[in-house]
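K.L.:
Structure for this input, please:
(3 chains)
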Amino acid sequence: MGNEGIKSSRRKFVKSAATLAGATMGYAWLKSSHFLLYGAEPEDLSLPWYGIGIDIEKCIGCGNCAKSCKKENDVPLEPFFFRNWVEQYTVKNDGSVDIVSPNGGIDGFVQRVPDEDIFKSFFVAKMCNHCAKSPCEQVCPVGATFLSPEGVVLIDEKYCIGCRYCVQACPYGCRFIHPVKKVANKCTLCYHRLKKDLAPACMEVCPTGARIYGNLRDKESDLVKYLKEHTTQVLRPNLNTGAKLYYNALSSETR
Amino acid sequence: METYQHLYEILANSQGYIFPNEIDLQWGILIVVYPFITGLVAGAFILASLERVFKVRILKPTYQIALLTALAFLLVATMPLISHLAKPQRAYEIMITPHLSSAMAIFGFVYLWYLMVVLLLEIWFDYRHSMVVWAGEKKGFMRWVYRVLTLGVNDISPRAISWDRKLGHIITIVGIPSAFILHGYVGFIFGSLKANPWWSSPLIPIIFLFSAMVSGIALVMLVYMVISYIRKKVVDVNVLDTIGKYLFFILILDFTLESLDQVHRIYEAEESFEIIQLLVSGKLYLTLFISQGLIGTIIPLITLAFLQFYKRKIRLRKSIYFIVSILVLIGVYSMRWNVVIGGQLFSKSFSGFTEFKVGLIGLDGTLMAAFWLLLPIGILAFLLWLLPPWKMVPEEE
Amino acid sequence: MKFYIPPQIPRLALVFGIVISLFLLARHFLIPDTFGKYGPYRAAAMDDYTQLEIHYSGQQACFECHQDVEDLKATDVHSGIHCETCHGPGQKHVLSGEAADILKPSDREFCGSCHSLNAARQQDAIFQVDLKEHNVEKECIDCHNSHQPWEMKE
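P.N.:
As a prediction, this is how the structure comes out:
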C-alpha cells in the first residue's frame, strides 16, 4: 500500500516534469523557427536590383579598379587577396594563350610578348558577379553569406565560421579568406557606398568608363542602356549561376 | 611578413595561370582526415550490421569490436572539422542556424542522430544486460559508472532482454541507411560543387561510400587481429576468410566505380579535361596510380582473389590478411587525398596549377591530423577496457 | 488488458527528451536577434556595412572647393576622368583640408599606367605613347597640364 503511494507520487512528478519540458521545447521551437518560413517574404520591387557591366573594348588595364578597391575596403596589399583584379590575355600567332595578372594588375601591365607574335590581346577585369542564383550562398552552412534584397551578395563577418565552402563553390575565384579577420571576404559592390548613393570605388576611378553598375529594374539606367546597345555575355553561362556581371566583347579565350 | 612567406614561395612555384585568390589551398590535410574517419565509422558499422541483420554468424567475434571501433572514431570525427575552421569558436552556429540548402549544414544533425540514436543506442541495447550484471559485481566507483550507463533500467528478465534484442535489431536496420547518409553526405559535399570538375559528379557520393566500406572492413579485420594478439588469443581464420570475402567483393565494386568515373571523364573530355589530364599525369601521379591504384587496390585485389581460390596455410593467410588490410587503408587514405587535395591543385581557370605546402604545426597542420587519427585508438582501448566484449554475459540462443 | 511496455522505452524517451529540450533551450538563447527577418541570415549584417568608413569621396566633393579645376577639366579630353582616379582616395583630404592628405602624382610611370604602349589597349580606347622614345628626360607634366592635357605649357 505504501509502495503504491510512493509510485503514484513519483509518476505525478515525472508527468509534470515531462509537461514542463514539453512546453519549453514547444515554445523554444516556435520562437526560433520563424525563419524557416522565410520563403513567404515577398520581393520588394521598390528596391534596386543591382547589376554590373564591364566593357572589354574600353578597358586599358590601368589597374586603378583593383588598386582603389584595396584602399577602400581594407584588403591586405599582399598579392594573394583580391576582391577584384585585371587579367591580360595575349593570343599568340601559334594559337597559344598567355594569361597574366601580376599583383592582380594593380601595378599595371608591361607588354611581355613582342608585337610580331601577337594575334590579339585584351584585358579582362574580374570581380564578384553577384549571382542571382549564387552557388556560394547556396553552400554556406550557417547563413553567413546571403543575397541582399538589392541583389548584392554580402558576407556577415560577425557570423562566418571560416569553413571555406563558399570559396570552393565560387566558379569565378572571387572569394578568399581574409588573413587578419579570418572570415570569408569578397567584393561587396561597395555596399557601404551604395547605401550613401556613392558609386563603388572601382567604378569611381575607372578612367575610360569601362565599368558601370546600375539598377536592372530601371529601364532608364545606364546599365540597362548598355545591355540594350551591346552584345553582352556572362562568364560560365553553362553553370547557370545567374551572374549579373555582363561583359561586352568577351572573347572565347577568356577563362 | 613571416605569415606570408609560404605564400610567396607557393606563388613562385605556381605554374600557368591561376586566379590570384587561389594561391593557398582552402581545404588541407584535416579535410582529408575527416572523410577518412567517417568512412571508417560507416564501414565498421556496415560490417557489424552484416552479423546482426543478415545473420552472418561467423562474424560474431567481431560484432562488438566493430561497434566499439565505430564509436571510438565517431567521437573524434567532429574534431578535424572544428580545428580546421578559421573561426572554431563559432562552430556551434552550424547547429543553431543550419542553412538548409547547404550539405555541410546537415552535418551537425546527421552526426548527432548517428551518434545518439544509432551507435550509442545499439551498443546500449547490446551491452545492457552485461552492464547490469557488472554493476552488481563491481564495487565502488566502477559500480556507480555501470549503474549510470544502464540508465537505471535494471530489468534483466528474459522478456526485457528479448526486447533488448528486438529494439537493437530495429536500430541496426535504421542504422544502415543512417551510416550511408553519414558518409554519403560528405561525398555529396564534393559531388555537388559545379565549380570544380574534379569533384562535380553524381558518382562521387557512391564512390566515397564504397571506399568507406572497404576501409571500415579492413580496419575491423586489422583491429580484430591486433586485439587477439594482445590478448594472446588465437585468431579464428574463418572469421578472417569471411571478412576477406566481403572485402574482396566490395573492393571490386569500388574499383569499378572509380574506373567508371575516370573512363566517363576521359570519354566526354569536356572543358576541364586537358588540365585534369595534366594533373593526373603530373602532381597526382604518385598518389593516384601508385598509392591508391597499385598499392591500395590492385595488389589487394589480386591477393584476395588468390586467397578465394587457393587456400594456403593458415599462418600465411593471416599474415596476408594483415598486410592487405594495411594496404587497403593506405589506398583509401590516398583516395581521400587525391579527391580533396587534387581538386584544389588546379586552378578554376583550367590554365594553371598551384602547390600544396602542408605545415607541420598549427591547428591545420600534419601533427594535428596525426593526433586526430591516433586519438581514436586510445579511445578504443579505453572502450574495450570499459566494455570488454569477451566478458559479456553469453547470449542464450 | 495490461499493455506491456518494455522498460527501456520510457527511460530512453526521458533521456532523449531532456537532451532535445536542453538543445532547444540553448538555441533559443544563442540565435542572433535579427536572424530570419529577410531570409536565412542575420539582417543586421546589412547595417554593419553602413557603419564602414569610406575612403573615396566622389568628385562632387572635390568640386565643392576646386571649382576652377572642374571648369578646366571639362574643356579637354580628361573630362570623363574622376579626380580620385589620379589623386587617390580623397575623403581624408575632404575632412581635413590638408594638402598632405591627398596624392599629387607627377612621375612618367604614373601617366604611363594608362598611356604607355601596350598591344592589349585598343587604339580608340586611349591615346598611347611610347615612353621609351617620347621626351625621356622630362616629366609628362612639364609640358602637359593634367587637367587640360592638349594645352601645352610651352
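K.L.:
From chain B, how far off is whichever residue of chain C sits closest to chain A?
P.N.:
Distance from chain A to each residue of chain C (CB to the nearest CB) is smallest for C:Gly36, at 2.3 Å. To be clear about C-beta, it is placed using only N, CA and C from the backbone, and glycine gets the same treatment. C:Gly36 sits 8 Å away from chain B when distances are taken as CB to the nearest CB, to the nearest Å.
K.L.:
That residue: neighbour count?
P.N.:
Look at C:Gly36: counted by other CB atoms under 10 Å in any protein chain shown, it has 22 neighbours.
K.L.:
what does the one 10 residues further on give?
P.N.:
By other CB under 10 Å, the residues close to C:Met46 number 22.
K.L.:
how about the residues of the stretch 101-250 of chain A near chain B?
P.N.:
Applying CB under 8 Å from any CB of the partner chain, one finds that the stretch 101-250 of chain A approaches chain B through A:101, A:104, A:126, A:135, A:138-144, A:159-165, A:167-177, A:179, A:182-183, A:239.
K.L.:
And the closest residue to chain C within chain B, how close does it get to B:Leu149?
P.N.:
Using CB to the nearest CB, the single residue of chain B nearest to chain C is B:Trp163, 3.7 Å away. Distance, B:Trp163 to B:Leu149, by CB to CB, to the nearest Å: 18 Å.
K.L.:
Is stretch B:170-183 positioned near chain C?
P.N.:
No: judged by CB under 8 Å from any CB, stretch B:170-183 and chain C are separated, with a smallest distance of 10.7 Å.
K.L.:
List every C-alpha atom in that stretch, with coordinates, as PDB.
P.N.:
Output of stretch B:170-183 as PDB, limited to C-alpha atoms (Å, rounded to 0.1, in the frame of the first residue of the first chain):
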ATOM      1  CA  ILE B 170      15.400  -2.200 -35.300                       C
ATOM      2  CA  ILE B 171      18.200   0.200 -34.600                       C
ATOM      3  CA  THR B 172      20.600  -1.800 -36.800                       C
ATOM      4  CA  ILE B 173      18.100  -1.700 -39.700                       C
ATOM      5  CA  VAL B 174      17.700   2.100 -39.200                       C
ATOM      6  CA  GLY B 175      21.400   2.400 -38.800                       C
ATOM      7  CA  ILE B 176      22.400   1.100 -42.200                       C
ATOM      8  CA  PRO B 177      20.800   3.900 -44.200                       C
ATOM      9  CA  SER B 178      22.000   6.300 -41.500                       C
ATOM     10  CA  ALA B 179      25.500   5.100 -42.000                       C
ATOM     11  CA  PHE B 180      25.100   5.700 -45.700                       C
ATOM     12  CA  ILE B 181      23.900   9.300 -45.100                       C
ATOM     13  CA  LEU B 182      26.600  10.000 -42.500                       C
ATOM     14  CA  HIS B 183      29.300   9.200 -45.100                       C
END
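K.L.:
Can you give me every residue that contacts B:Thr3?
P.N.:
A:Pro179 (CB atoms under 8 Å, 6 or more residues apart in numbering or on different chains).
K.L.:
Surely it is within a strand?
P.N.:
No: counting by DSSP: H, G, I helix; E, B strand; the rest coil, B:Thr3 is located in no strand; its state is helix.
K.L.:
any idea how far it lies from A:Lys182?
P.N.:
12 Å.
K.L.:
ok, B:Gly39 - contacts?
P.N.:
Contacts for B:Gly39 (CB under 8 Å, 6+ apart) come out as B:183, B:186, B:208, B:211-212, B:215-216, B:332, B:336.
K.L.:
Show the model's pLDDT score for B:Ile106.
P.N.:
Per-residue pLDDT puts B:Ile106 at 87.
K.L.:
tell me the phi and psi of it?
P.N.:
Main-chain dihedrals, B:Ile106, degrees, to the nearest 10: phi -80, psi -10.
K.L.:
Please see if stretch B:329-340 touches chain A.
P.N.:
No: using CB under 8 Å from any CB, stretch B:329-340 never reaches chain A; the gap is at least 10.2 Å.
K.L.:
to the chain's geometric centre, what's the distance from that stretch?
P.N.:
11 Å (CA atoms, centre = their mean, to the nearest Å).
K.L.:
ok so, going back, just give me the closest of the contacts of B:Gly39 to chain A.
P.N.:
For the contacts of B:Gly39, the minimum distance to chain A (CB to the nearest CB) is 12.3 Å, reached by B:Val186.
K.L.:
Okay, and the closest one sits in which element?
P.N.:
helix B:158-191 (DSSP states H and E).
K.L.:
Same check on C:Trp150?
P.N.:
Per DSSP H and E: C:Trp150 is located in strand C:148-152.
K.L.:
Which strands and helices lie in contact with that strand?
P.N.:
strand C:144-145 (3 or more CB pairs under 8 Å, 6 or more residues apart in numbering or on different chains; DSSP states H and E).
K.L.:
ok, the strand it packs on near chain A or not?
P.N.:
No: shown here: strand C:144-145 not in contact with chain A (CB under 8 Å from any CB), separated by at least 15.2 Å.
K.L.:
Which strands and helices lie in contact with that strand?
P.N.:
Using 3+ CB pairs under 8 Å, 6+ apart as the contact test, the elements touching strand C:144-145 are strand C:148-152.
K.L.:
Identify the neighbouring strands of the strand it packs on in the sheet and state each direction.
P.N.:
Looking at strand C:148-152 with DSSP bridges, its partner strands are strand C:144-145 (antiparallel).
K.L.:
and the partner strand, how far from the chain's centre?
P.N.:
Offset of strand C:144-145 from its chain centre (CA atoms, centre = their mean): 29 Å.
K.L.:
residues from chain B in reach of chain C?
P.N.:
With CB under 8 Å from any CB as the criterion, chain B meets chain C at residues B:92, B:95-97, B:99-100, B:116, B:121, B:125, B:128, B:151-153, B:155, B:159-160, B:163-164, B:167.
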